Structures are given as structure tokens and as C-alpha cells.
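Visitor: Based on what follows, work out the 3D shape:
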Amino acid sequence: MVSFATVPLAAATTVIKGAVTDASGKPIRGAAVSAKSGIKTITRFSQSDGKYEIAVAAGTYDVTVDAYGFAEKKVSVDTAKTADTNFSLPTANLSLARLTGSELESLLPNTPEVRLLKSRCIECHSLPTIIHRHGQTAEEWKEFLPNMTHGATDEPFESATPQELDALSNALEKYFGPESPFFGSNADPAELKAHVKHVEPSDEALRATLIQYDVPTKISRPHSIEIDLRTNVAWFGEESFFGNKAARFNMDTEDFKEYPLLTEKARPHTGAVASDGRYWVALGGSRNGRSEAI
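Guide: Predicted structure coming up:
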């Protein structure tokens with residue numbers, strides 16, 4: 001998936017609007033309200049009065065609202081019907097899957113083991129990725145780490161020594177395993193809420209419009225978007241071995257086009273648009289220093 005902020009809304013002819021409140025009717029500020037149709041998802045935020053408004057093309061959308069400390073809700077909305085789409089959200093225990101990387105980091109102490117995890121496990125992804133496997137023992141982590149990417153890219157721990165795997169696996173069990181205070185099977189949701197550091201978004205952030213598009217190739221791992229302002233085209237590399245392409249996205253027509261690379265398992269990384277309009281993308285992994293042009 002690729003994301004853009006505050007880009008023109010193509011063919012926006014109507015709005016989905018309403019208010020987000022809690023069970024008592026009090027407005028909820030900062031709720032993310034997302035409208036999805038096809039490959040496109042548009043997200044806006046509720047304001048201090050709980051109201052939100054999303055400009056969209058006419059059609060039917062899956063609308064989801066997500067607010068910190070509340071249960072998520074989802075409805076189908078047909079823009080031909082003019083009624084507001086209001087949400088009343090009940091409070092809920094914090095879900096680990098819905099915490100951000102910074103919120104998860106706020107729960108971890110500053111210890112040598114945590115510093116090790118941050119140096120080795122946030123190099124390519126954020127802490128929410130680790131949460132997918134919270135509750136695992138050290139032995140389960142040790143078995144998983146050398147095969148972590150399942151063939152999508154080079155395995156980062158394929159050549160790790162037994163000592164390195166032991167250190168990482170033991171640290172992962174200590175802070176994310178079955179007996180960890182916040183992520184274990186007996187963790188108290190009230191304790192989690194009491195310790196997590198949640199920062200409310202600014203008023204400026206709440207005025208943003210976020211637009212996300214599903215890339216045609218699944219598990220493609222889009223990397224480093226570059227914009228050609230002359231043609232209003234966004235270029236990026238598909239770093240995954242399942243992708244192994246350079247891709248362009250026309251922001252006017254909202255169309256993708258993918259270009260398979262000549263080099264196998266190239267891991268296309270950061271690219272650049274040349275003055276003649278060609279897109280050059282660097283090849284990562286063991287081929288670092290080489291590039292291909294589209």
C-alpha cells in the first residue's frame with residue numbers, strides 16, 4: 001500500500017459526513033474516519049466538536065472509524081443517501097494491534113536488551129510488527145528469526161550466530177513473551193492503559209487528508225516514493241522478491257503501472273527521477289551500488 005497526504009481528490013462530487021461521539025454523546029476528537037472503495041482509502045479526522053467530512057466520488061464505501069480508547073466500528077455507506085453517518089463508540093480496552101510504534105516503545109524500559117531489540121528489530125520495521133507474535137517463548141523466536149521474511153527478501157538473521165540468536169530471542173521473550181507485563185497472556189489491560197504514553201494530535205494534523213492505494217502486487221513492499229512534478233507521477237521500488245519491480249502511480253488518473261526488473265531479486269530501493277523523465281532505482285541487498293532505469 002502507498003499513501004499520500006493532502007493530494008487533490010479526483011472526481012470528488014459528494015461528501016460523507018457526520019459526528020463521532022462516545023456512549024454519553026460527548027464528541028470524540030481525533031477519531032480516524034476512513035472511506036474505502038476499490039483500491040482507494042480516504043481518511044480524515046474528527047474535530048473538537050466530533051464532526052468529520054470526507055470528500056469522495058459518488059458510490060458505496062466501507063466506512064471505518066477508529067479512536068484511541070474506543071471500540072472500532074464499520075458500516076457501509078451509499079452516498080446517494082443524504083443522511084449523516086454518525087458513530088457512537090463504546091469505550092474498550094486498548095488493543096495491542098492498534099497501538100503505534102512510539103506508544104509501544106513508551107512501555108519498554110531503557111535496558112541493554114531493549115536497546116539491542118531497537119538496534120536489530122526496528123531497522124526494517126516498527127514494533128507493531130513484533131506484536132503480531134507477542135506471547136512467543138525464546139525457543140519459538142529462535143526458530144522464527146532465521147526464516148522471518150518467508151522468501152520475500154533476504155533473511156536478515158540467516159547468518160546470525162547462535163549467540164546472537166540467543167540474545168535476541170531471550171530479549172524478545174522477556175519483553176514480548178508469555179510472562180511479559182504488557183504483552184503476555186496474563187497482562188492487565190488497565191495496566192497497559194495506565195503506562196502507555198499517548199500523544200493527542202495537533203489541530204493542524206487533524207486537518208490533514210490521507211489517501212492510501214493498494215498496490216497491484218501483493219507483498220510488494222513499496223519503498224521510497226519519488227514524485228515527478230512535471231507529470232504528476234509517483235515512482236517507487238517494489239523491494240520484495242515477490243514484487244521486484246519499479247512502479248509508477250499516475251496521481252491524476254489513479255492508475256498503477258509496474259515494470260519488472262531485469263535483475264532477479266534486485267531489492268529495488270531508493271530511486272530518483274532524471275531530467276529526461278527516466279526513473280533510476282538503486283538495487284539493494286548484495287547488489288548495492290547498481291541501478292536500473294525505466
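Visitor: domains of the protein?
Guide: Using automatic domain parsing, the domain parsing of the chain gives 2-94+200-211, 97-195, 218-293.
Visitor: What is the lengthiest helix in the chain packed up against?
Guide: Taking DSSP state H as the criterion, the chain has its longest helix at helix 162-176. Applying 3 or more Cβ pairs under 8 Å, 6 or more residues apart in numbering; DSSP states H and E, one finds that helix 162-176 contacts helix 112-121, helix 127-131, helix 138-144. The C-beta positions use only the backbone N, C-alpha and C, and glycine is treated the same way.
Visitor: Just the buried positions in it, please.
Guide: Within helix 162-176, the residues that count as buried by 16 or more other Cβ atoms under 10 Å are 165, 167-173, 175-176.
Visitor: now stretch 117-136
Guide: Within stretch 117-136, the residues that count as buried by 16+ other Cβ under 10 Å are 117, 120-121, 127, 130-131, 134-136.
Visitor: will you turn the domains of the chain into TSV that also has mean pLDDT?
Guide: Below are the domains of the chain laid out as TSV (pLDDT from 0 to 100):
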stretch	mean pLDDT
domain 2-94+200-211	92
domain 97-195	91
domain 218-293	88
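Visitor: For Asn233, give me its contacts.
Guide: To be clear, residue 233 is Val; Asn isn't right here. 227, 248-251 (Cβ atoms under 8 Å, 6 or more residues apart in numbering).
Visitor: go on, Ala246?
Guide: Ala246 sits next to 235-238, 258-259, 261, 268, 271, 279, 281, 292, 294 when contact means Cβ under 8 Å, 6+ apart.
Visitor: and which of these is nearest to Thr161?
Guide: Among the contacts of Ala246, Pro268 lies closest to Thr161 (Cβ to Cβ), at 29.8 Å.
Visitor: Now that closest one: closest residue in space, sequence neighbours ignored.
Guide: Leaving aside its chain neighbours, Pro268 sits nearest to Gly237 (3.0 Å; criterion: Cβ to Cβ, 6 or more residues apart in numbering).
Visitor: again, but for Thr60
Guide: Asp78 (4.9 Å).
Visitor: what's around that neighbour, how many residues?
Guide: Asp78 has 10 neighbours, counted by other Cβ atoms under 10 Å.
Visitor: Equivalent analysis for Asn86, please.
Guide: 15.
Visitor: what secondary structure does the residue nearest to Pro268 sit in?
Guide: Classification of Gly237 using DSSP: H, G, I helix; E, B strand; the rest coil returns strand.
Visitor: OK, contacts around it?
Guide: Taking Cβ under 8 Å, 6+ apart, one finds 222-224, 245-247, 268-271, 281-282 in contact with Gly237.
Visitor: okay if I get the buried residues of helix 162-176 as CSV plus distance to Arg207?
Guide: Formatted as CSV, these follow (distance: Cβ to Cβ, whole Å):
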residue, distance to Arg207
Leu165, 46
Ala167, 45
Leu168, 41
Ser169, 44
Asn170, 45
Ala171, 40
Leu172, 39
Glu173, 43
Tyr175, 37
Phe176, 36
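Visitor: buried ones in the longest strand along the chain?
Guide: The longest strand of the chain (DSSP state E) is strand 14-22. With burial defined by 16+ other Cβ under 10 Å, the residues of strand 14-22 counted as buried are 15-22.
Visitor: Out of those residues, which comes closest to Asp62?
Guide: For these, the nearest to Asp62 is Ile16 (11.0 Å; Cβ to Cβ).
Visitor: Give me the distance between the residue nearest to Pro260 when sequence neighbours are not counted and Leu165.
Guide: Nearest residue to Pro260, sequence neighbours excluded (Cβ to Cβ, 6+ apart): Lys245, at 5.2 Å. Look at Lys245 and Leu165: by Cβ to Cβ, to the nearest Å, they are 33 Å apart.
Visitor: follow-up on the earlier one: can you list the residues that contact the longest helix of the chain?
Guide: So helix 162-176 is contacted by 108, 113-114, 116-117, 120-121, 130-131, 133-139, 141-142, 145-146, 157, 160, 180, 183 (Cβ under 8 Å, 6+ apart).
Visitor: All good on my end, thank you.
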